[in-house]
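Enquirer: Have a look; sequence and predicted model below, questions after that.
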Amino acid sequence: MPIHSVTLPEIADAYRRHCKHWVSTSVAGSAERDRDARMAGAFLVMPILLAVALATSHTLFSEAGGMLSLGVGVFALPMIFCGTLSLVRNSTMIGLAALASYGIAIGLISVTAPSANLLLWIMGAAIPLEAWFVYRSRKSLMASGSIAVGVLAVLFGVSMWMGGNVTLTAFSLLASLGYGASLLVRCASALVARGQEARRDDRVADLESAIDGVVIGLGRDGMITALSYKAQEHFGMARSLLIGTALLDRVHVSDRVHFLSFLSDLRDGVVGVSAEVKLRCVAASDTAKAGHAVRFATYRLSGVPHSRDNGFVVVATDISNVVADRFALDAARTQVETAEITKGRFLASVSHELRTPLNSIIGFSDVLLQEICGKLPDSRQREYVELVHQSGTHLLSVVNAILDVSKIEAGTYPIMAETFAFKDAVTMVHDMMAHQASQKNVTLCDRVSKHIGAVVADQRALQQVLINLVSNAVKFTESGGVVTIDAGVRDDMLAFSVSDTGIGIAEADLLTLGQPFRQVQNDYTRKHEGTGLGLATVKGLIGLHGGQMDIRSRPGQGTVVHVLIPLAGPRIDPVPVDPVNIVEFRADSDSEGGSHAEARKSA
């Protein structure tokens, strides 16, 4: 079988993975975990360096007891440091103790050595570099520099005590050159990594500045491992105070179940996970007594798994203004709906209250015109009674239209679908409106296709639609004009239209047609009475049938109103029948006779 050759990068990656096993699981940030992993690597290399220094400074088999004790201490102390590192969360004190022990071990080796050793001088001078490889900060250089100064002072004193002689063997020279080369290689790689990290931080900063929100590094346990620079701007707290804490602690109590569900979906690898939760933020207080105030802002959380570890990358976007606008829109919609319902109820109530006295006025004026109670002595009196009768009739039609519109808007207008011949409905409307058209010298004609037979619809409602459309067409058509009713079948739909050669409607006014109490205002329309309820009623009745209405017009050329209604009738959801009622119905039919049962069934 083929033998796989192990390369140097593979060995380095395996060593880094081994070092990460010594890092405590309570360490929050990825940068801190990498630092502790480098520290563990330094701990593991420490006994090897000291052993080489010990071997180059002493004869291997001389002073066996002392060297064995020193060797045990050299190898045992780093393992103690590694074990402690895997248990604690803050590794600063462990690192300082390890540096001090390393320096003390170099000093002890130099004191017990028969002569000065070049490798010990290099190791003592390189202590700041070793600390910088781990921490990569200026503070580490200052602390380790003081330890290096102490070690070099000991080496200088030992060297002066021994007369300034330095033993330089071949093994010592090779060890010194090898350690020096390793320092150069590690310095170069650390500088390259630092440059790459700086460029990556610049790219991350640019990306975070483009994102309108906070980028949060989240562990699988819900702990905050990293935060973008905008965190303090949003949450009002320093990033260092937030990293290492649970994000759940900042979530409002009412949204914690929602957040835990969001975190569970992330763990399960669900794609496109998002949640809206309220996060605790700190803001400046409005009063001088309190320095700050706590508020909860609504954030939308969107997360994806992290590409390098087992955590997640979550983007928190502040949507407080969007939520506020949503609530304001809902409140405005509720207010408008309440106003519409109140208006409809008011109109229905007023219409009912007006119809009773109007019927009395129309009835008594009609009695006077018929001269049932006696002949009117004066022609002027008869003229006044006719005006009362006409005004009452007109007002009653307006009240009925208002009542119909309010019922349509409230959804209580009854639609009784039945089968009837559409041609008969058109003929009835033609006969009804013929007198009004002849008085204005307007020609009224109808063209109904012979393919139209029976339709399923509310006959009274369709006749009302035709009456209103033809009445408007006749009213706004001048003498000598033509009003036409066309009807046909198109794709299982009843298609009919009412066209005229009247004054037409401007394009800007077409948008307001069909709204209650809206009329086109011009010099011609002011001569004719109307409330603007006709087209509103037509539009509502067509909508109840599941149909459509389209108006096309040009000023001075006329208007065409197209209507489409399903031939099969409006869709009406069936009312569920209670089985208990069926049993009672059968019992009644047995006791009361078949004829009564049939009547109840028809009802």
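Expert: Ah, there it is.
Enquirer: Am I right that residue 570 sits in a strand?
Expert: No: Residue 570: not assigned to a strand; according to DSSP: H, G, I helix; E, B strand; the rest coil it is coil.
Enquirer: That one contacts residue 541, doesn't it?
Expert: No: contact between residue 570 and residue 541 fails when scored by C-beta atoms under 8 Å: they sit 10.2 Å apart. Glycine gets a C-beta too; all of them are placed from N, C-alpha and C.
Enquirer: Need the residues touching each of those two.
Expert: residue 458 (C-beta atoms under 8 Å, 6 or more residues apart in numbering).
Enquirer: Settle it for me: which of those two has more neighbours?
Expert: Remark: of residue 570 and residue 541, residue 541 carries more neighbours, 25 against 17, as counted by other C-beta atoms under 10 Å.
Enquirer: mind giving me the domain split of this protein?
Expert: For the chain, automatic domain parsing gives the domain ranges 8-208, 211-318, 326-410, 418-566.
Enquirer: which one of the ones you listed has the lowest average pLDDT?
Expert: Ranked on mean pLDDT, the bottom entry among the domains of the chain is domain 8-208, at a mean of 74.
Enquirer: can you give me the strands in the chain?
Expert: For the chain, the strands defined by DSSP state E cover 116-117, 166-167, 214-218, 224-227, 273-284, 292-305, 312-318, 418-421, 443-448, 454-457, 482-489, 493-500, 548-554, 558-566.
Enquirer: so which of those comes closest to residue 155?
Expert: The closest of the strands of the chain to residue 155 is strand 116-117. By C-beta to C-beta, the value is 7.1 Å.
Enquirer: Longest helix in the chain, by number of residues?
Expert: In the chain, taking DSSP state H as the definition, the longest helix is helix 320-370.
Enquirer: tell me what that one is packed against?
Expert: strand 292-305, helix 379-410 (3 or more C-beta pairs under 8 Å, 6 or more residues apart in numbering; DSSP states H and E).
Enquirer: any idea how far residue 258 is from the most centrally placed residue in the chain?
Expert: What sits nearest the mean C-alpha location of the chain, by C-alpha atoms, centre = their mean, is residue 300, with 6.7 Å. Distance of residue 300 to residue 258, given as C-beta to C-beta, to the nearest Å: 12 Å.
Enquirer: Name the residues contacting each of the two.
Expert: Joint contacts of residue 300 and residue 258 (C-beta under 8 Å, 6+ apart) are 275, 276.
Enquirer: where's the longest helix of the chain relative to the chain centroid, distance-wise?
Expert: Distance, stretch centre to chain centre, for helix 320-370: 37 Å (C-alpha atoms, centre = their mean, to the nearest Å).
Enquirer: again, but for stretch 141-153
Expert: Using C-alpha atoms, centre = their mean, the offset of stretch 141-153 from its chain centre is 57 Å.
Enquirer: can I get the CA coordinates of that stretch in PDB?
Expert: Extracted C-alpha coordinates of stretch 141-153, given in PDB (Å, rounded to 0.1, in the frame of the first residue of the first chain):
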ATOM      1  CA  LEU A 141       7.300  42.800  26.100                       C
ATOM      2  CA  MET A 142       7.500  44.900  29.200                       C
ATOM      3  CA  ALA A 143       6.900  42.100  31.700                       C
ATOM      4  CA  SER A 144       9.100  39.600  30.000                       C
ATOM      5  CA  GLY A 145      11.800  42.200  29.400                       C
ATOM      6  CA  SER A 146      12.200  42.600  33.200                       C
ATOM      7  CA  ILE A 147      12.500  38.800  33.600                       C
ATOM      8  CA  ALA A 148      15.100  38.700  30.700                       C
ATOM      9  CA  VAL A 149      17.100  41.500  32.400                       C
ATOM     10  CA  GLY A 150      17.300  39.500  35.600                       C
ATOM     11  CA  VAL A 151      18.300  36.300  33.800                       C
ATOM     12  CA  LEU A 152      21.000  38.100  31.800                       C
ATOM     13  CA  ALA A 153      22.300  39.700  35.100                       C
END
